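Colleague: Show me the folded form of this:
(chains A and B)
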Amino acid sequence: MIVPFGHVLILAGILFLMGIFCVVVRRNLIMMVLGVEIMLNGASIAFVAAALRWQHLEGQVFVLFILAVAAAEVSVGLALIIFAYRRTGSFDPAHYNLLK
Amino acid sequence: MTIYAIIFYILAATIVLTTGLAITRRNLVHAVVYLVFSFFGTAMMFYLFGAPLLAVLEVIIYAGAIMILFLFIIMMVKAVPDEEKLFPMRQWVPVALMGLVYLVIGAVIISAAPGSQVTLTIALARPEAFSEYLFQRHWLAIEIISLLLLVALVGALYLGRKKDTS
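Modeller: Down below sits the predicted model:
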């Protein structure tokens, strides 16, 4: 016996909201990508708990795919951030106004 | 309250605390290191939920590879003078308000939903069984993921190359 399933869902929700907070409030692109990672992490916790709740391996398989997609997303995202930094010399998305 | 419940609540408090510290740090290196702590807590929670292989992968991939990639990027670019105004009022008040509303509504829905009171029982997915299930049912998805990683590698190389002078 561990805990009710609902408590794990609430923990996952809190983590997801923290990720959204980080993405929306911070004005640094690296912190924004970090916020996306926090959101994916919260979703992973919910998936693993659901796999335990229904005694089925499908949820754990999905977490494996989340890990792979997160790795791909971070590598391309950080490369894009470096590209933008070389062009504009800033991490603040408000400074990306080359079209103005 | 069993020992597993106590472990779960301690881990949950640690994860939320370290994540909260991470998203409020001004120094990016501190934020990344706090997030590594958060991912270690998540890995232990995966182990508690009976997924030892995923716990190991979480440490290797998330806390190891991805966070080190962040550290590389932060240390590669020259330290920018931190002109970031942390948490302008206009931005964080609406987010916190709506997040609180969603959190309260979500907690009410979760506590009212049938089946959310089911207590999780201890189980263990052995890595052999997990891998067998993975490669019997989802071999095509594994191939697609490997292709995705290859495309990401090529894309990152293309974006990160030095600008040619021609």
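Colleague: Please make it C-alpha for all contacts and neighbour counts, starting now.
Modeller: Will do.
Colleague: Confidence-wise, which helix or strand of chain B is lowest on average?
Modeller: Across the helices and strands of chain B, mean confidence by mean pLDDT, DSSP states H and E is lowest for helix B:89-112: a mean of 86.
Colleague: does any bit of that one sit next to chain A?
Modeller: Yes. Residues of helix B:89-112 contacting chain A under Cα under 8 Å from any Cα of the partner chain: B:91-92, B:95-96, B:99, B:103, B:106-107, B:110-111.
Colleague: Can you pull out the low-pLDDT segments for chain A?
Modeller: A:1 (pLDDT under 70).
Colleague: quick one, helices of it?
Modeller: Using DSSP state H, the helices of chain A run over A:5-25, A:29-53, A:58-88.
Colleague: Ok, chain B next?
Modeller: Going by DSSP H, chain B shows helices at B:3-24, B:28-48, B:52-57, B:67-76, B:89-112, B:127-137, B:139-160.
Colleague: returning to that earlier point: quick one, which of the residues of helix B:89-112 next to chain A are buried?
Modeller: Listed as buried from those are B:92, B:95-96, B:99, B:103, B:107, B:110-111; burial here means 16 or more other Cα atoms under 10 Å in any protein chain shown.
Colleague: Distance-wise, check the most centrally placed residue in chain B relative to B:Val16.
Modeller: Geometric centre of chain B, nearest residue: B:Phe39, 6.1 Å, by Cα atoms, centre = their mean. Distance, B:Phe39 to B:Val16, using Cα to Cα, to the nearest Å: 11 Å.
Colleague: what touches both of those two?
Modeller: Contact with both B:Phe39 and B:Val16 is made by no residue, according to Cα atoms under 8 Å, 6 or more residues apart in numbering or on different chains.
Colleague: can I see the domain layout of chain B?
Modeller: As assigned by automatic domain parsing, chain B contains the domains B:3-80+B:90-125, B:127-166.
Colleague: Now do the last one, average pLDDT.
Modeller: In other words, domain B:127-166. For domain B:127-166, mean pLDDT rounds to 88.
Colleague: Next: stretch B:47-58.
Modeller: Averaged across stretch B:47-58, pLDDT comes to 92.
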